[in-house]
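> Can you look at this prediction? I've put the sequence above it.
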Amino acid sequence: MAFRSHVRWLPVVAAVALAACSSGIGTTPSMLQSANDTYSQAQQLLTPPACKGQKTTPTHSTVTDTLKTTGGQACIPAIHGLGGSVAYPPANPSVKLTLTSSTTNYTKQLPSLGPGTPVFYLQLGLSGATSFGTTTPAGGGLTGKSIVAGQKYTIYGQATVAGFTYNFTPCYATATAGKYGGVIGGAGTLLKGLTVPTAATGILEVYSGQSTTGAC
């Protein structure tokens, strides 16, 4: 990825140099700085930034956040060019949420909740009991260059509480265009109205295409 990015920007640097030669002046530091600034800005657009405190391995990324009683957006740990945030409903009481993201079934034990192979897995870990409200704040979403704006995606979810497994009702969303690529919003709506009586784990999986009738 980095090699292709440098190749793409070689014409920009060359154009600056040629312009300087044709005008009879040298390449000034300000001209070079402008080209460097433009290149740096483009580099920042390539992938979503990592979350604060994120821990990353070649197969997955993890971060721990504290859910707000007013609801909010939890940072999705960036991995393999995907990241962003997930908007969640108010959580009462406030508890810690651990998010683990991956683009593969790296443990070989993650469930297959939908048709085909997920493009993204987001594992959830709640530190204690909480109840989620019925409204989700706007904004947020899984984002990255591999997400195609205008294409539909389906989000499936599953939770394990006190040894019992519950499947969420899946929903679909149409990706919109964003700063880092396509954006899939609405994953947090699967938590609306959910009451968790004890510490629990769960997973959200994103699949390409629409395989359910309900919108997120």
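Here it is on my side, so go on.
> How about the contacts made by the residue nearest to Thr195 when sequence neighbours are not counted?
Nearest non-adjacent residue to Thr195, counting by Cβ to Cβ, 6 or more residues apart in numbering: Ser131, 4.5 Å away. (C-beta placed from N, C-alpha, C; glycine too.) Neighbour list for Ser131: 91-92, 194-196 [criterion: Cβ atoms under 8 Å, 6 or more residues apart in numbering].
> so which strand or helix has Ser131?
Ser131 is part of strand 130-132, with elements assigned from DSSP states H and E.
> strands paired with that strand, and their directions?
Using DSSP bridges, strand 130-132 pairs in its sheet with strand 91-92 (antiparallel), strand 195-196 (antiparallel).
> how close does the residue minimising distance to the centre of the chain sit to Phe120?
In the chain, the centroid-proximal residue (Cα atoms, centre = their mean) is Gly83; its distance is 2.7 Å. Using Cβ to Cβ, to the nearest Å, Gly83 is found at 10 Å from Phe120.
> list residues touching both of these two?
101, 142.
> Just give me the neighbour total for Tyr106.
For Tyr106, the neighbour count with other Cβ atoms under 10 Å is 15.
> contacting residues around Tyr166?
158-160.
> Quick check: bridge partners of it?
Bridge pairing for Tyr166 - DSSP bridges - gives Ala159.
> Find me the pLDDT at it, would you?
pLDDT, Tyr166: 94.
> what's the spacing between it and Ala129?
15 Å.
> Report the buried members of the contacts of Tyr166.
Buried residues within the contacts of Tyr166, counting neighbours by 16 or more other Cβ atoms under 10 Å: 158-159.
> Quick one: the contacts of Tyr166 as a markdown table, columns for pLDDT and distance to Gly53 too.
Formatted as a markdown table, the contacts of Tyr166 follow (pLDDT from 0 to 100; distance: Cβ to Cβ, whole Å):
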| residue | pLDDT | distance to Gly53 |
| --- | --- | --- |
| Gln158 | 96 | 26 |
| Ala159 | 95 | 24 |
| Thr160 | 95 | 25 |
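> between the contacts of Tyr166, which is nearest Gly182?
Taking Cβ to Cβ as the measure, Gly182 lies nearest Gln158 of these, at 24.3 Å.
> what residues are up against that closest one?
Gln158 is in contact with 111, 113, 165-168, 202-203, counting by Cβ under 8 Å, 6+ apart.
> ditto for Thr104
Residues in contact with Thr104, defined by Cβ under 8 Å, 6+ apart, are 59, 121.
> which residues in this structure form helices?
Remark: helices assigned in the chain by DSSP state H are 2-22, 29-44.
> rewinding a little: from His60, how far off is the residue lying closest to the residue nearest to the centre of the chain once chain neighbours are set aside?
Nearest residue to Gly83 in three dimensions, chain neighbours excluded: Pro48, at 3.1 Å (Cβ to Cβ, 6+ apart). Using Cβ to Cβ, Pro48 is found at 16 Å from His60.
> Where does pLDDT dip in the chain?
The model of the chain has pLDDT under 70 over residues 1-45.
> Show me the domain layout of it.
Per automatic domain parsing, the structural domains of the chain span 2-44, 55-208.
> of all the ones you listed, which lies closest to Cys216?
domain 55-208 (2.6 Å).
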